[in-house]
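Peer 1: Next come a sequence and a model predicted from it.
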Amino acid sequence: MHLFYKHYNNVVQKDLILSENPSTVAKLPKPNKVSLCLGGNSSEESYVLASLAALKIITGQTPYFTQQKSTQQNSNTSREAVGGKLTLRGQKMYAFYHKLLFDVLPQIKQFEGLKPPRHKKIYCFVLKDVFAFQELVPFFPYFEDLNSLQCQFHFTTDNKGEVVVLGNGLQLCFLKGEK
């Protein structure tokens, strides 16, 4: 059992029970999954392989290949490769939360916090510097062309207020005062 999972069960759930007053414990908001996407507009094989390899190194899980959806104007042309995507659940999700909050975000220069959530079940943000993940630094020549990492946190919440309460309990650094 991961340390961050224990934190959710022993601290966050109790705080949510006191603050939200749910009818049953099953209705408490909780993290559901984390979706990560790394890629760009380049269809070069080396770029796509670098995207897939970086996701594998960051998470320890094998990503799957994604392609750009063709539009009606370009329906006769072949699809261009975009990169890789993966979904983390369970213990791997909590391990990624821990790595992100305590290893990656402190490495970002001039980090001021995360913007408040805009959706009631999903929190999205972009990490522009993939080298905040220290595992990628020794492989800089292979990954120097990579774009930003898109992160989506999926929660079992019913409104933005619950996302903020759950995020604060999970130590996400939301900025205050922005709507």
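Peer 2: Okay, I see it. Numbering: from 1, shown residues only.

Peer 1: From the contact counts, what lies against the lengthiest helix in the chain?
Peer 2: Longest helix in the chain, counting residues (DSSP state H): helix 45-59. Where contact means 3 or more C-beta pairs under 8 Å, 6 or more residues apart in numbering; DSSP states H and E, helix 45-59 is packed against strand 31-39, strand 81-88, helix 140-143. Bear in mind the C-beta positions are built from the backbone N, C-alpha and C, glycine included.

Peer 1: mind checking which of the ones you listed is nearest residue 109?
Peer 2: Closest approach to residue 109 among the helices and strands packed on helix 45-59 (C-beta to C-beta): helix 140-143, 17.0 Å.

Peer 1: how far off strand 31-39 does the helix or strand that comes right after the closest one point, in degrees?
Peer 2: Per DSSP states H and E, helix 140-143 leads on to strand 149-155 as the next helix or strand towards the C-terminus. Per axes from the mean of the first three to the mean of the last three C-alpha atoms, to 10 degrees, the angle that strand 149-155 makes with strand 31-39 is 160 degrees.

Peer 1: Quick one: mean pLDDT over strand 149-155.
Peer 2: Regarding strand 149-155, the rounded mean pLDDT is 90.

Peer 1: for the record, mean pLDDT for whichever helix or strand comes after it?
Peer 2: Using DSSP H and E, the helix or strand that follows strand 149-155 in sequence is helix 160-169. Helix 160-169 carries an average pLDDT of 83.
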